Every structure is written in C-alpha cells, then in structure tokens.
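*Asks:* everything below, folded, please.
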Amino acid sequence: MTMPSLDELMKMAEAAKAQLDQAQASLDKVEVEGAAGGGLVKIKATAKGRILGVSIDESLLVASEKTMLEDLVAAAINDARTKADAIAGDQIKQMTGGMQLPPGFNF
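*Replies:* Residues are numbered from 1 along each chain as shown. Predicted coordinates for the structure are as follows:
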C-alpha cells in the first residue's frame, strides 16, 4: 500500500472542502419548524439556522401574557435550532461516511 503524495492529499482535501461547502449551501434550503406552547408559537428556520418566520397565535397577544409569550418564542427558537442541528449532523454523517471529525472541526 503506497502513501498518497502531497499533491494527491491536497486534491483530496480540496474535494472534501467542496463537498462540505455544497452541503452547507443545501442546509440553507432545508426548512424546519420549531414549536412551543402546543403550537401556539411556531418558528420556521433553515437547517443552517436562519430564521424564516415567526407565527404567534392571537390568543397570546395580550399584555398580561407578555412574559409567557417571550418564553414561548425562545422555546420555539430552541426547538427549531435542535431540529436544524439534527439535520445538519445527519448530513455530515452521510458525507463523511460515519468517519469521526476532529474536535473543534467547524462545519
């Protein structure tokens, strides 16, 4: 078994980077929806984490519910982020064939 040359390693690294760039671009096209309060607050986001929209049930639009509404918006955002992270993680696993990435590797 021969070791790849430095040139071959560089080409492999460039190909891997191109695949990762393509995967990141595709994550911005996948949509997830986070919800809180039994669906009273919904956040639509991309799998890359970009917030696309917020939906708040009219029943929450009263001054006395302000604190609860703020909590529900935060919870819905966190729910969307969790779903986005799961999709991104699955895509990374598919691209790397289950190979472990080094600690601190930013996708």
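
*Asks:* longest helix in this protein, please.
*Replies:* Among the segments of the chain that qualify as a helix by DSSP state H, the longest is helix 66-96.

*Asks:* name the helices or strands packed onto that one?
*Replies:* Under the contact criterion of 3 or more Cβ pairs under 8 Å, 6 or more residues apart in numbering; DSSP states H and E, helix 66-96 touches helix 6-27, strand 31-36, strand 41-46, strand 51-56. Where you see a C-beta, it was placed from the backbone N, CA and C, and this is true even at glycine.

*Asks:* and those: which comes nearest Q94?
*Replies:* Closest to Q94 of the helices and strands packed on helix 66-96, according to Cβ to Cβ: helix 6-27, at 8.5 Å.

*Asks:* measure E31 to M68 for me?
*Replies:* 26 Å (Cβ to Cβ, to the nearest Å).

*Asks:* cool, E58 as well?
*Replies:* Counting by Cβ to Cβ, the gap from E58 to M68 is 14 Å.

*Asks:* higher neighbour count, those two?
*Replies:* More crowded of E58 and M68, by other Cβ atoms under 10 Å: M68, with 14 against 7.

*Asks:* now do the contacts for the more buried one.
*Replies:* Contacts for M68 (Cβ atoms under 8 Å, 6 or more residues apart in numbering) come out as G37, L60.

*Asks:* and it, what pLDDT?
*Replies:* Note for M68: predicted pLDDT of 92.

*Asks:* then the one 3 residues further on?
*Replies:* You'll see D71 listed with a pLDDT of 94.

*Asks:* one step back: mean pLDDT lowest for which of the helices and strands packed on helix 66-96?
*Replies:* helix 6-27 (a mean of 82).

*Asks:* and that one, what other elements does it pack with?
*Replies:* Against helix 6-27 (3+ Cβ pairs under 8 Å, 6+ apart) you get helix 66-96.

*Asks:* between the helix it packs on and helix 6-27, how many degrees?
*Replies:* In terms of direction (axes from the mean of the first three to the mean of the last three Cα atoms, to 10 degrees), helix 66-96 departs from helix 6-27 by 140 degrees.
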